[in-house]
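Asker: kindly return the folded structure for what I paste below:
(chains A, B, C and D)
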There are 2 protein chains.
Amino acid sequence: MAKVGIKDIARIANVSLATVSRTLRTPDLVSEETRLRVLNAVAESGYKPNRMGMNLRTQRSGNIMVIIPDITNPFNSGIIRAIEHEAQQHGYAVLLGDTQSNPERERQYVDLVEAGQADGLLYFSGRNPFTINPDRPIKDQLPAMVNSNEELDLEGISKVIVDNEGASKEAVNHLIDLGHRRIAAITGPLSTVSTQRRLEGYREALTEAGITVDDKLICEGNYQVESGIELTERLLQFKQRPTAIFCFNDDMAIGAVNVLNKNDYRVPEDMSVIGFDDILYSKVIQPALTTVAQPVEDIGRQCIQALIAQMNDKTLEPTYLKLPLELVIRDSTGPAPS
Amino acid sequence: MAKVGIKDIARIANVSLATVSRTLRTPDLVSEETRLRVLNAVAESGYKPNRMGMNLRTQRSGNIMVIIPDITNPFNSGIIRAIEHEAQQHGYAVLLGDTQSNPERERQYVDLVEAGQADGLLYFSGRNPFTINPDRPIKDQLPAMVNSNEELDLEGISKVIVDNEGASKEAVNHLIDLGHRRIAAITGPLSTVSTQRRLEGYREALTEAGITVDDKLICEGNYQVESGIELTERLLQFKQRPTAIFCFNDDMAIGAVNVLNKNDYRVPEDMSVIGFDDILYSKVIQPALTTVAQPVEDIGRQCIQALIAQMNDKTLEPTYLKLPLELVIRDSTGPAPS
DNA sequence: TTGTACGCGTTATCAA
DNA sequence: TTGATAACGCGTACAA
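Answerer: Here you go, the predicted structure:
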């Protein structure tokens, strides 16, 4: 017995193809008697409507493409999980595009969306992968999409972002309140918008407190544990060492704490460390990390909801959602050493 | 200007639909002159062949479905990343099915595969989601698929698994060699095959060393950090405390180390801890975790290669691949306290 | 309430 | 080397 198709069902139930289709899509239009007959045939044969036929006919793939730099990062994987759940609830499946921040791969996945393999796009990168014609309305040239995490410099699309600058400022102020004045920053790539915003918050907080920003204390990392390790090692060699390190994500902060522990620095007595993201592991390392908590669940949920709104009606005005962040004070920050 | 389709290209290049298609799929069959003309039209108009039409016609979706319990676990996300890269290299996109071990969701995603939304299935669960008719050949009732991580009790499918039992035995032997005799185990769910195998290795090692297995020292966890925390707390209350804890994954081991640190147990002087998976964070916590390294990259790559082989020729014999594991000795294990 | 017939966009077959 | 046309599997407008 080969693959069972809609015409097999029609034959078994002794109805037309159309009636089979109707029974499955709009049961109300079918008499109870024939409906049961059809459903029986479906159940017994294990018939499943072929999605390719259905997709082509309805012009919907049922997929949502998620383009994200690195699914291995717990912050990202948390978002993906939330997205996946919410999408599934709405009847969509998630196509995963892990790009490792490679522009070429970003483009390839965007191509897939534009070819109709997905009905909408969740875009977590700040690089613009579209080639747009400035003479025509932007929105006609873009798929239904929502941008998040790394803000994209593009009008007319919905965005779900977080208050990077404000949270960064709050984090630094927390350190200043504890008496720190030499506060280092281990940033992400300076090319990312998240890092730019967090750096602004960092500078603002220092400036407002009357502390001169020392550019030597600003080290460009790449959001990976290893760069947290390397840059902390470099900071420890400074003659004028900082008394606190603000890492722009938890992975790098975990790397920093590791180096400090290894070199017999006590955290926070000798050096305070602060992170960003509040990933699971920041709670369970020693000492537990003071960090900025991101509303991972909410980001994922809001992204899907905004995207579905756009997919249902592309003429809708794009939405701009800015979510608050929360500083979570744990054990890795303390008074500056005297 | 609305969506540009194949017939637009045909009109612009002044050829038939068939020639446009040929130019894109089998350029060799087209004369250089017309080919250039078509390619020009394609480039200028930004035409992208519609995947839904193409999929229906070729009976290929270009997708691979990955069903996995929890993408938030670094071990899983590592595998997914490897899968995604390898799949992309072969021209496939990855459909992500994060099920949270929910059987209903496993079924839903399998349905999607059977409906043709994906050409193949990577299945990382030990629960059988298929309803098979024992009278007919099993292989005809299953999609092209590969099973990994949690071994599925099902004949006729390819598998990529690791030597859980052997590695577990090696880990426990390492502790025994260090003089430990009261060795606790914090397992995953007893319903999972991975836990069953690791438990076998644990028992074997103890038995062969002449140590009686004490069932009170075997605690059923769920592979999450929290359960590592809870169960370690419980173990510490025992009158006859163990001197070592073998956690069946790193997340729980990290939870265990956290509890031990908090309660002023020194690791490994007072208590040894061993993990499983070798996730990134096990290297950077204090102390660095002794653990069993899983070949994450290799698992992902082998899965895709085995799957593609099946997709290309479903009559192929299923392959059974058993990958070795490696005990990585770091700082969380040491001689048993006297 | 049901059936007929068309079309979604593409590729493959066949004939020219 | 190219073009006309059928077919992939389904949903729906229209007619009955």
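Asker: what sits up against the helix or strand in which residue A:304 is found?
Answerer: Element membership of residue A:304, judged by DSSP states H and E, is helix A:296-312. Applying Cβ atoms under 8 Å, 6 or more residues apart in numbering or on different chains, the contact partners of helix A:296-312 are A:64, A:75, A:78-83, A:85-87, A:90, A:92, A:119-122, A:144-146, A:148-149, A:158, A:160, A:162, A:316, A:318-319, A:321, A:323. For the C-beta atoms, the positions are set from N, CA and C on the backbone; glycine is no exception.
Asker: what element comes up after it heading to the C-terminus?
Answerer: Immediately after helix A:296-312, counting by DSSP H and E, sits strand A:320-323.
Asker: now the nearest residue to residue A:240 once chain neighbours are set aside: how far from DNA strand C?
Answerer: Spatial nearest neighbour of residue A:240, chain neighbours left out: residue A:182 (6.8 Å); criterion: Cβ to Cβ, 6 or more residues apart in numbering or on different chains. Between residue A:182 and DNA strand C the distance is 61 Å, computed by Cβ to the nearest atom of the strand, to the nearest Å.
Asker: wouldn't residue A:182 be in contact with residue A:241 here?
Answerer: Yes - at 7.2 Å, residue A:182 and residue A:241 qualify as touching, with contact defined as Cβ atoms under 8 Å.
Asker: give me the buried positions along the helix holding residue A:304.
Answerer: Using 16 or more other Cβ atoms under 10 Å in any protein chain shown as the test for burial, helix A:296-312 gives A:296, A:298-311.
Asker: what does the stretch 201-338 of chain A put close to DNA strand D?
Answerer: For the stretch 201-338 of chain A, no residue is in contact with DNA strand D (Cβ under 7 Å from any atom of the strand).
Asker: which bits of the stretch 201-338 of chain A sit near chain B?
Answerer: Contacts of the stretch 201-338 of chain A with chain B, taken as Cβ under 8 Å from any Cβ of the partner chain, map to A:225, A:229, A:254-255, A:258, A:261, A:280-281, A:284-286.
Asker: dump these to CSV, plus secondary structure.
Answerer: Below are these laid out as CSV (DSSP: H, G, I helix; E, B strand; the rest coil):
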residue, secondary structure
A:225, helix
A:229, helix
A:254, helix
A:255, helix
A:258, helix
A:261, helix
A:280, helix
A:281, helix
A:284, helix
A:285, coil
A:286, coil
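Asker: list only buried entries from those residues.
Answerer: A:225, A:229, A:254-255, A:258, A:261, A:280-281, A:284-286.
Asker: and residue A:245, that one's in a strand?
Answerer: Yes - secondary structure of residue A:245 (three-state DSSP): part of a strand.
Asker: beta partners for it?
Answerer: residue A:184, residue A:273 (DSSP bridges).
Asker: how close does it sit to residue B:33?
Answerer: 65 Å (Cβ to Cβ, to the nearest Å).
Asker: who's more crowded, these two?
Answerer: Remark: of residue A:245 and residue B:33, residue A:245 carries more neighbours, 32 against 8, as counted by other Cβ atoms under 10 Å in any protein chain shown.
Asker: the more buried one and residue A:184 touch, don't they?
Answerer: Yes - Residue A:245 is in contact with residue A:184 according to Cβ under 8 Å; the separation is 4.7 Å.
Asker: anything in contact with each of the two?
Answerer: With Cβ under 8 Å, 6+ apart, residue A:245 and residue A:184 have common neighbours residue A:235.
Asker: how close does the single nearest residue of the stretch 201-338 of chain A relative to DNA strand D sit to residue A:60?
Answerer: Closest residue of the stretch 201-338 of chain A to DNA strand D, Cβ to the nearest atom of the strand: residue A:312 (14.8 Å). Using Cβ to Cβ, we find residue A:312 at a distance of 11 Å from residue A:60.
Asker: same check on residue A:93?
Answerer: Taking Cβ to Cβ, one finds residue A:93 at 12 Å from residue A:60.
Asker: stretch A:28-46 near DNA strand D at all?
Answerer: No - Stretch A:28-46 stays clear of DNA strand D (Cβ under 7 Å from any atom of the strand), getting no nearer than 8.7 Å.
Asker: what comes up buried for that stretch?
Answerer: A:30, A:34-35, A:37-39, A:41-42.
Asker: tabulate these (a markdown table), appending pLDDT.
Answerer: Below are those laid out as a markdown table (pLDDT from 0 to 100):
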| residue | pLDDT |
| --- | --- |
| A:30 | 95 |
| A:34 | 96 |
| A:35 | 96 |
| A:37 | 95 |
| A:38 | 96 |
| A:39 | 96 |
| A:41 | 95 |
| A:42 | 96 |
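Asker: distance to residue B:25 and secondary structure added to the residues you listed, as TSV?
Answerer: Converted to TSV, the buried residues of stretch A:28-46 look like this (distance: Cβ to Cβ, whole Å; DSSP: H, G, I helix; E, B strand; the rest coil):
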residue	distance to residue B:25	secondary structure
A:30	41	coil
A:34	43	helix
A:35	42	helix
A:37	43	helix
A:38	38	helix
A:39	40	helix
A:41	38	helix
A:42	36	helix
